[in-house]
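structure for the following, please:
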Amino acid sequence: MSKGLDVYSRHSPEVAVQDPGQLIPVVRSTALGRCNPLTKIAVALILMVGALLSIDLVSAGVVLLAALLALPATGLDLVAAAKRLWFLPAGALLAAWGTALLAEKTGDVVVDVGPVLFTTGSLAAAAAIFVRALALAIPLIVLASTIDPRDLADSLIQHLRLPEVVVVSVLAASRLLGLLVSEWQVLAMARRARGVAGGTLLRRTGSLFSGVFVLLVVSIRRATTLAMAMEGRAFGRPGRTWRRRSSFATRDVVAVLLSLAVGGIAIGAAHVLGVWNPIIG
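Here you go, the predicted model:
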C-alpha cells in the first residue's frame, strides 16, 4: 500500500509540495511551476523591466494585470498568498501617499487641508507609483516562491558554469539557517534550565556572548563535516557527473515569449495612449 501511495504522490498533479522556508506554499504542479529556475528569473526580470522603464499607470497596470491573471498558473496557495503578501499593498500605499504629498502640484486642486495639498496631477503620480510598486514586487516574489533551491543550484552550475563549491556552499548555508535558529532556541532553554541565563543586565549580556560562542563552535564543526562531505563527493573536481540534470523545455520558451509579449504590450500601450514617462531622458 505504501508503494502505491508513493507512486501516486510522484505522478499526481494535486500533491502539495511543502517547503518550510517558502513564503508562499506550492499546492499543485503546473507547467509554469516546472519551468527551469533560470527561466523564472528571466520572466520576472522581463516583467520588471516592462514596469520599470516608465512611471505611468498604463505600463505598470498591464504588467500587474498579467501577473495577477497568471497567479493560478503558478500552483501556489492563493489564500496563503493573500494572507502573507498583505505588506505589499500596504508598502505601495505608503509610497503612493508620500508621492501625493511631495509630487509637483499640477492640475485641479482635490484636497487642500492645511499642509496637505492634493491635486489631480499629484494623485495621478501617486496612483502610478502604487501600481508600479505592485507590478515590480509581485512577479518577483511569486516566481521566487516556486523555485526549489536545489534546482536553482543545479541550473546555476550546469548552465551558467558558476563554481560548484561556491553555489553548493551557499545552498547548504541557506538550508541550515532554520537549524541554526532552532539550535539557538534549544541552547537558550538549556541555559535557563541550568540557571545560567537571566538575572541582571550584565549577567544576561555575558550569557548572550557565551551562547554565541557555543553556537559558533557548533557551526564550525558542522562546516568542517560539510566540507569533508563535499570533498568526498568530488565537488569542484573536473569530470564530475550530476544525478539531476537541469534542462530547458518547450514550456520555458513559451513562458519567456509570453513575458516578452506582456512587456511589449505594456510599453506599446503607454506610448499609444501618450502617457509614457521614462525614468531616464
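
need the next SSE after the lengthiest helix in the chain, C-terminal direction.
Identified as the longest helix of the chain according to DSSP state H is helix 201-232. Going down the chain from helix 201-232, the next helix or strand is helix 250-272, by DSSP states H and E.

report all helices and strands that that next one contacts.
The helices and strands touching helix 250-272, judged by 3 or more CB pairs under 8 Å, 6 or more residues apart in numbering; DSSP states H and E, are helix 37-52, helix 57-69. Bear in mind the C-beta positions are built from the backbone N, C-alpha and C, glycine included.

who are the packing partners of the first one?
Just to be clear, that refers to helix 37-52. On a contact count with 3+ CB pairs under 8 Å, 6+ apart, helix 37-52 meets helix 57-69, helix 120-145, helix 149-158, helix 250-272.

buried stuff in the next helix or strand after the first one?
Once helix 57-69 ends, the next helix or strand along the chain (criterion: DSSP H and E) is helix 78-84. Of the residues in helix 78-84, those scored as buried under the neighbour-count criterion (16 or more other CB atoms under 10 Å) are 80, 81, 84.

would you turn those residues into a markdown table with distance to residue 158?
Shown next, in a markdown table, are the buried residues of helix 78-84 (distance: CB to CB, whole Å):
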| residue | distance to residue 158 |
| --- | --- |
| 80 | 31 |
| 81 | 30 |
| 84 | 32 |
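
quick check, nearest of these to residue 108?
residue 81 (38.2 Å; CB to CB).

let me see the contact set for the closest residue to the closest one other than its chain neighbours.
Closest residue to residue 81 in three dimensions, ignoring its sequence neighbours and counting by CB to CB, 6 or more residues apart in numbering: residue 24, at 4.8 Å. Listed by CB atoms under 8 Å, 6 or more residues apart in numbering, the contact set of residue 24 reads 76, 77, 80, 81, 84, 85, 141, 142, 145.

surely the third one meets residue 71?
I take that to be residue 80. No: with contact defined as CB atoms under 8 Å, residue 80 does not reach residue 71; the gap is 11.8 Å.
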